[in-house]
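**Q** can you look at this prediction? I've put the sequence above it.
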Amino acid sequence: MKAILNHIAEYKMLTRQQAHDVLMGIAQGKYNNSQVAAFLGCYTMRPAMVDELIGFQDALLECCNRIDLTEFNCMDLVGTGGDCKNTFNISTLSTFVLVGAGIKVSKHGNYGVSSGCGSSNVLESLGYKFTADQDELKRQIDKAGICFLHAPLFNPGMKAIAPFRKELGVKTFFNILGPLVNPSFPKNQMSGVFNLETLRLYNYIFQKSGKKYCVLYALDGYDEISLTGGCKLITNEGERVVYPEDMGFRTVKPEEITGGNTVEEAKEVFLKIISGQGTEAQRSVVLANSAWGIKTFYPELSFEEAKAKAIESLDGGKALEVLKKLVG
């Protein structure tokens with residue numbers, strides 16, 4: 001690790017193999033706490049480059065507890081986090097809307113680090129029990145159309161680094177890696193990122209993955225379609241910038257889509273929205289993200305057709321039924 005730290009201190013990039021090896025070392029507990037913290041600190045000052053990111057991804061996927069859900073043709077819908085916007089759980093809510101629209105989901109997530117309530121926090125507060133048992137996860141998909149893969153149960157690298165991420169409390173390259181290391185290897189994915197540089201990195205990686213994908217970045221800093229302004233999207237079909245009015249929504253204010261300051265408050269917001277009692281702004285943001293998720297899975301649909309399916313799922317109570325089936 002000393003050689004790696006000196007290498008980075010000289011403003012040199014790691015090769016794919018070097019990145020792989022150092023992350024494997026972290027996962028295997030080879031380095032002391034100070035060395036790991038210093039390594040993470042380096043990536044708060046500069047972004048990971050393509051070869052570095054792919055090397056980190058290689059290592060995490062190599063040592064992960066893989067789960068075979070190929071029979072379900074699942075999708076994952078997840079943001080990197082790290083945008084420090086403290087929105088409500090948009091991607092998690094949108095996930096339930098997708099399932100209500102008939103799409104199977106194997107959602108990969110974790111506790112919040114740079115925000116108060118990540119997907120794991122809110123699902124746990126709703127009564128979901130994390131598990132790595134493949135048979136149980138398959139039963140959940142059969143019953144509810146969705147299962148949740150809590151990252152620390154499937155990836156020792158994520159688990160080993162979790163205490164350091166929590167203490168640092170800022171985004172690191174692990175925010176970028178989370179959506180790239182789903183242990184069920186879904187062939188369909190929509191991911192939001194927190195800056196344009198990461199958008200390009202994801203597009204490069206997804207292009208080589210064979211996935212149907214959509215990667216997006218709201219131009220004012222959100223890792224989701226926030227409807228607070230324009231949003232850049234890259235899909236298998238190309239690049240575009242969309243604005244709220246293009247999707248049939250009004251522009252919303254940032255304060256209209258904030259989440260709670262505690263997990264309990266976030267849970268209350270989540271339940272109101274999925275029960276059809278959210279505000280017009282909250283509903284619109286969920287529908288916008290859900291519609292693009294549906295269109296990612298069904299690229300032959302127009303956006304309006306995908307939006308109609310999202311409305312039917314949320315307003316028709318189908319998303320809420322999925323939640324009830326999942327958590328009882």
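**A** Nice, I can see it.
**Q** and the longest helix for the chain?
**A** helix 280-297 (DSSP state H).
**Q** count of residues packed around Lys272?
**A** When neighbours are counted by other Cβ atoms under 10 Å, Lys272 registers 14. Backbone N, C-alpha and C define where each C-beta goes, glycine included.
**Q** which other helices and strands contact the helix or strand of the chain with the lowest mean pLDDT?
**A** Least confident element among the helices and strands of the chain, by mean pLDDT, DSSP states H and E: helix 156-168 (a mean of 77). Counting contacts by 3 or more Cβ pairs under 8 Å, 6 or more residues apart in numbering; DSSP states H and E, helix 156-168 packs against helix 16-27, helix 33-45, helix 50-63, helix 151-154, helix 173-177.
**Q** and the residue lying closest to Thr279 once chain neighbours are set aside, how far from Val269?
**A** Excluding the flanking residues, the one nearest Thr279 by Cβ to Cβ, 6 or more residues apart in numbering is Glu256, at 6.7 Å. The gap separating Glu256 from Val269 is 12 Å, by Cβ to Cβ, to the nearest Å.
**Q** higher neighbour count, the two?
**A** Under the neighbour definition other Cβ under 10 Å, Glu256 and Val269 were set side by side, and Val269 has more, 22 against 16.
**Q** can you tell me the number of residues neighbouring the nearest residue to that one once chain neighbours are set aside?
**A** Among residues not flanking Val269 along the chain, Phe88 sits closest, at 4.7 Å (Cβ to Cβ, 6+ apart). Per other Cβ under 10 Å, the neighbour tally for Phe88 reads 23.
**Q** report the contact partners of Phe88.
**A** Taking Cβ atoms under 8 Å, 6 or more residues apart in numbering, we find Phe88 in contact with Ile257, Thr258, Gly259, Gly260, Ala266, Val269, Phe270, Ile273, Gln282.
**Q** for Phe185, same thing?
**A** Arg66, Thr70.
**Q** what do you get for the one 3 residues further on?
**A** Contacts here follow Cβ under 8 Å, 6+ apart; on that basis Asn188 touches Asn73, Cys74, Met75, Asp76, Ile103, Lys211, Lys212, Tyr213, Thr296, Phe297.
**Q** can you pick the most crowded of those residues?
**A** Going by other Cβ under 10 Å, Thr296 tops the contacts of Asn188 with 28 neighbours.
**Q** ok so, going back, report pLDDT for the residue nearest to Val269.
**A** Phe88 carries a pLDDT value of 93.
**Q** now render the helices and strands packed on helix 156-168 as TSV, adding mean pLDDT.
**A** Formatted as TSV, the helices and strands packed on helix 156-168 follow (pLDDT from 0 to 100):
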stretch	mean pLDDT
helix 16-27	93
helix 33-45	86
helix 50-63	92
helix 151-154	90
helix 173-177	79
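**Q** in CSV, list the ones you listed along with mean neighbour count and distance to Thr198.
**A** Formatted as CSV, the helices and strands packed on helix 156-168 follow (neighbours: other Cβ atoms under 10 Å; distance: least, Cβ to Cβ, whole Å):
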stretch, mean neighbour count, distance to Thr198
helix 16-27, 20, 16
helix 33-45, 15, 12
helix 50-63, 20, 9
helix 151-154, 20, 18
helix 173-177, 25, 6
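**Q** what's the burial count for the residue lying closest to Gly118 once chain neighbours are set aside?
**A** Leaving aside its chain neighbours, Gly118 sits nearest to Gly112 (3.4 Å; criterion: Cβ to Cβ, 6+ apart). Neighbours of Gly112 under the rule other Cβ under 10 Å: 20.
**Q** what's the closest non-adjacent residue to Ala132?
**A** In space, and not counting its chain neighbours, Ala132 is closest to Leu153: 4.3 Å by Cβ to Cβ, 6+ apart.
**Q** now do the one you found against Ala162, distance only.
**A** For Leu153, the distance to Ala162 - Cβ to Cβ - is 11 Å.
**Q** same check on Cys64?
**A** Following Cβ to Cβ, the distance that separates Cys64 from Ala162 is 15 Å.
**Q** out of these two, which sits in the busier spot?
**A** Cys64 (21 against 16).
**Q** so after the longest helix of the chain, what's the next helix or strand?
**A** helix 303-315 (DSSP states H and E).
**Q** so after that following helix, what's the next helix or strand?
**A** helix 318-327.
**Q** contacts for that following helix next, please.
**A** 93, 96-97, 99-101, 123, 126-128, 140, 143-146, 274-276, 312-313.
**Q** and it, which residues are buried?
**A** Lys318, Ala319, Leu320, Glu321, Val322, Leu323, Leu326 (16 or more other Cβ atoms under 10 Å).
**Q** report the angle between that helix and helix 303-315.
**A** Orientation of helix 318-327 against helix 303-315 (axes from the mean of the first three to the mean of the last three Cα atoms, to 10 degrees) gives an angle of 50 degrees.
**Q** dump the longest helix of the chain to CSV, restricted to CA.
**A** Output in CSV follows, covering the C-alpha atoms of helix 280-297 (Å, rounded to 0.1, in the frame of the first residue of the first chain):
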residue,chain,number,x,y,z
GLU,A,280,-47.7,16.9,-6.9
ALA,A,281,-43.9,17.5,-7.1
GLN,A,282,-43.0,14.3,-5.4
ARG,A,283,-45.4,12.3,-7.6
SER,A,284,-44.0,13.9,-10.7
VAL,A,285,-40.4,13.2,-9.9
VAL,A,286,-41.2,9.5,-9.2
LEU,A,287,-43.1,9.2,-12.4
ALA,A,288,-40.4,10.8,-14.5
ASN,A,289,-37.7,8.4,-13.2
SER,A,290,-40.1,5.4,-13.4
ALA,A,291,-41.0,6.3,-17.0
TRP,A,292,-37.4,6.4,-18.1
GLY,A,293,-36.8,3.1,-16.2
ILE,A,294,-39.7,1.4,-18.0
LYS,A,295,-38.5,2.8,-21.3
THR,A,296,-35.0,1.5,-20.6
PHE,A,297,-36.4,-2.0,-20.2
